[in-house]
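*Asks:* Fold the following and give me the result.
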Amino acid sequence: MIRPRKSTVTLAGIALAGVVFLITFLNRESLWAAAKERYSALQLFTKVLNLVQQYYVEEVDTEKLIYGGIKGMLKELDPHTNFLPPEIFKEFESETSGEFGGLGIEITVQNGVLTVISPIEDTPAWQAGIKSGDKVVGINGNSTKGMSLVEAAKEMRGKEGDIVRLTIFREGFDKPQDIEVKRGIVKIRSVKFTDLSDGYGYARITSFIENTHDDLVKQLDSFEKKSKDIRGLIIDLRGNPGGLLNQAVKISDLFLDKGVIVTTIGRNQKEKEILYAKAGGTRNNFPIVILMNEYSASASEILAGALQDNKRALIMGSRSFGKGSVQSVVRLNDGSGLKLTVALYYTPSGRSIQAEGIVPDIALDNIDPVAYEKAIIKASTQREKDIAGHLLSDTEKKATKPQKKEETSTFWWVSSSDTEKLSAAKELLKKDFQILQAYNYLRAWKMMEDYNNRDQSAQALSSSSSKEEIKK
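*Replies:* Numbering: from 1, shown residues only. Just a heads-up that it's a prediction; the model follows:
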């Protein structure tokens, strides 16, 4: 009985070893085939390089040819994968510090056309009138057709004070127009804060750079100290092209005490990185409204998606840009760099941001302030007390001096004919319909919250009184 069993085990072992050997052999064969194919392609590249070096009509720079070959190879991939020559890579590293030389413009390639995502506020491009959505069809008289993002950036950067002529096509233009922008040192102030009074604050985040989280915390601390209590916050991400992932994660964590912030998944679907919010130092005792538009991208979408999916903020505006890919930057031996797309972003609920963007909870178009003011005037109606000779109310009879006109929910809307100097908050609310509506939602949100709390307190008090009556 023992021998046949031993023989069976031995045969099974041999069979298993044979299978392992076959798999290993096939894997090696597969790897060898892939390596052979790659080697053949490299041989082809080397042969072409040698022929150009030997027989081209003029002497050529070998480094220039190799760099050109790398750029051509990467053009076959997505527009965010780029080769950065040493001088460009050095400037790229300085951008995230918040100060660099150039125009202050964020660009991408849409449908093969160089397109402005957003001019960074208070930069030369912003001051020259460059707008989100502008199509850059020429730089200094040279067509941008087929130009990569890196090549375009190189054309726009240069000596401070020099003029760069951008040929722009914009919706409403009959033909492309030239806009001249003077190069300057771009200093990014990524957080701009305005006190809207009564404990309501407005924070505009223009981009995500190294100090964005710390700047926002300082602004909130100062505002809280001044107001005693934060009743609501508007975070404006419109036109924010993104920036550093870690800053978007830290700001998300600032308002969340638990839950997923963002997930990144690369080529291997099983290997994914999940970033979670941590308890401690969380500011979750006031409502948040986030404003977005079609030019809010990347890190902006991560912050909005994290707060939306965790039910921490209401998103208003229009669907965001949809730049949901992750780039890893590798420094190469000669000082150049490779910016390579390595993964995709997913919101806490598992939604992919890529080419989809963040859909707002409340879709809201922006309205021209002059048109909005005219609509208010047109819609205004007279009431009894506005009619001359009306019978006075009891309140009017008791008043010892003329009453001020009753303020409505749009008390901050001041007529353009009013010569009184407006406060920063009223100026902001007057000029921007979307901010005004976000402010309205925050006030209504807080009002309903207070009403529910009072109602619950009344019910608890009534229940307690009933119990006391029963005891008696």
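*Asks:* mind listing the helices in the stretch 101-250 of the chain by residue range?
*Replies:* 124-128, 149-156, 212-227, 245-255 (DSSP state H, counting those that start in this stretch).
*Asks:* which outside residues touch the helix or strand hosting residue 338?
*Replies:* Residue 338 belongs to strand 337-346 when assigned by DSSP states H and E. Here strand 337-346 makes contact (Cβ atoms under 8 Å, 6 or more residues apart in numbering) with 77-78, 80-84, 88-89, 92, 262-267, 273, 301-302, 305, 324-332, 352-354. For glycine as for every other residue, the C-beta is placed from the backbone atoms N, C-alpha and C.
*Asks:* quick one: residue 103 from residue 244, how far?
*Replies:* From residue 103 over to residue 244 the distance is 21 Å, taken as Cβ to Cβ, to the nearest Å.
*Asks:* Between the two, point out the one with more neighbours.
*Replies:* The neighbour comparison of residue 103 against residue 244 (other Cβ atoms under 10 Å) goes to residue 103, with 24 against 17.
*Asks:* Now do the domain split for the protein, please.
*Replies:* 99-186, 191-363 (automatic domain parsing).
*Asks:* Show me which of those has the highest average neighbour count.
*Replies:* Highest mean neighbour count among the domains of the chain (mean count of other Cβ atoms under 10 Å): domain 191-363, with a mean of 19.
*Asks:* Now do the end-to-end distance for that domain.
*Replies:* Taking Cα to Cα, to the nearest Å, domain 191-363 runs 25 Å from one end to the other.
*Asks:* center of the protein, which residue is that?
*Replies:* Closest to where the C-alpha atoms of the chain average out (Cα atoms, centre = their mean) is residue 300, at 2.0 Å.
*Asks:* quick one, what contacts that residue?
*Replies:* So residue 300 contacts 205, 208, 237, 240-242, 248, 292, 320 (Cβ under 8 Å, 6+ apart).
*Asks:* Kindly report the same for residue 390.
*Replies:* For residue 390, the contact set (Cβ under 8 Å, 6+ apart) comprises residue 384.
*Asks:* A helix includes it, no?
*Replies:* No: under DSSP: H, G, I helix; E, B strand; the rest coil, residue 390 sits outside any helix and is assigned coil.
*Asks:* what are the phi and psi angles of it?
*Replies:* Torsion angles at residue 390 (phi, psi; degrees, to the nearest 10) stand at phi -70, psi 150.
*Asks:* and if you look at residue 211?
*Replies:* Torsion angles at residue 211 (phi, psi; degrees, to the nearest 10) stand at phi -110, psi 10.
*Asks:* wait, doesn't it sit right on residue 190?
*Replies:* Yes: at 7.2 Å, residue 211 counts as touching residue 190 under the criterion of Cβ atoms under 8 Å.
*Asks:* wait, residue 363 sits on residue 318?
*Replies:* Yes: with contact defined as Cβ under 8 Å, residue 363 reaches residue 318; the gap is 6.5 Å.
*Asks:* and the contacts of strand 337-346, which of them are in strands?
*Replies:* Among the contacts of strand 337-346, the members found in strands (DSSP state E) are 82-84, 262-265, 273, 325-331.
*Asks:* out of those residues, which one sits closest to residue 56?
*Replies:* residue 83 (22.2 Å; Cβ to Cβ).
*Asks:* who's that closest one bridged to?
*Replies:* Following DSSP bridges, residue 83 is listed with bridge partners residue 338.
*Asks:* So for it, what's the pLDDT?
*Replies:* If you check residue 83, the pLDDT there is 93.
*Asks:* cool, the one 10 residues further on as well?
*Replies:* What the model reports for residue 93 is a pLDDT of 73.
*Asks:* My read is that residue 88 contacts residue 153, right?
*Replies:* Yes: using Cβ under 8 Å, residue 88 is in contact with residue 153, at 6.7 Å.
*Asks:* wait, doesn't residue 232 sit right on residue 286?
*Replies:* Yes: with contact defined as Cβ under 8 Å, residue 232 counts as touching residue 286 (5.5 Å).
*Asks:* pLDDT weak spots in this structure?
*Replies:* Within the chain, the stretches with pLDDT under 70 are 1-34, 94-101, 369-381, 400-422, 455-472.
*Asks:* what about 50?
*Replies:* For the chain, applying pLDDT under 50 flags the ranges 1-23, 25-26, 405-419.
*Asks:* Run through the residues that contact residue 124.
*Replies:* 102-104, 181-184, 186.
*Asks:* Reformat these as a markdown table; add distance to residue 111.
*Replies:* Output for those, formatted as a markdown table (distance: Cβ to Cβ, whole Å):
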| residue | distance to residue 111 |
| --- | --- |
| 102 | 25 |
| 103 | 23 |
| 104 | 24 |
| 181 | 24 |
| 182 | 30 |
| 183 | 28 |
| 184 | 31 |
| 186 | 28 |
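*Asks:* quick one: which of the residues you listed sit in strands?
*Replies:* Short answer: the contacts of residue 124 in strands (DSSP E) are 102, 181-182, 184, 186.
*Asks:* Can I get the residues you listed in CSV including distance to residue 170?
*Replies:* Below are the ones in strands among the contacts of residue 124 laid out as CSV (distance: Cβ to Cβ, whole Å):
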residue, distance to residue 170
102, 21
181, 15
182, 20
184, 23
186, 22
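*Asks:* And residue 449, how close does it get to residue 232?
*Replies:* 10 Å.
*Asks:* Could you say which helix or strand holds residue 439?
*Replies:* With DSSP H and E as the criterion, residue 439 is inside helix 433-471.
*Asks:* any idea how far the residue nearest to residue 126 when sequence neighbours are not counted lies from residue 240?
*Replies:* Using Cβ to Cβ, 6 or more residues apart in numbering and skipping the chain neighbours, the partner closest in space to residue 126 is residue 119 (4.3 Å). Distance of residue 119 to residue 240, computed by Cβ to Cβ: 12 Å.
*Asks:* re the thing from before, can I get the contacts of residue 300 in a markdown table with distance to residue 431?
*Replies:* Listed next are the contacts of residue 300 as a markdown table, based on distance: Cβ to Cβ, whole Å:
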| residue | distance to residue 431 |
| --- | --- |
| 205 | 19 |
| 208 | 25 |
| 237 | 18 |
| 240 | 19 |
| 241 | 22 |
| 242 | 25 |
| 248 | 27 |
| 292 | 19 |
| 320 | 23 |
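*Asks:* ok, residue 248 to residue 92 distance?
*Replies:* Residue 248 sits 19 Å away from residue 92, going by Cβ to Cβ.
*Asks:* actually residue 122, not the one I wrote
*Replies:* 21 Å.
*Asks:* try residue 289
*Replies:* From residue 289 across to residue 92, the span is 34 Å (Cβ to Cβ).
*Asks:* again with residue 255
*Replies:* Residue 255 is 30 Å from residue 92, by Cβ to Cβ.
*Asks:* Residue 427 too?
*Replies:* To residue 92, residue 427 is 36 Å away according to Cβ to Cβ.
*Asks:* Who has more neighbours out of the two?
*Replies:* Neighbours were counted for residue 427 and for residue 92 using other Cβ under 10 Å; residue 92 has more, 17 against 14.
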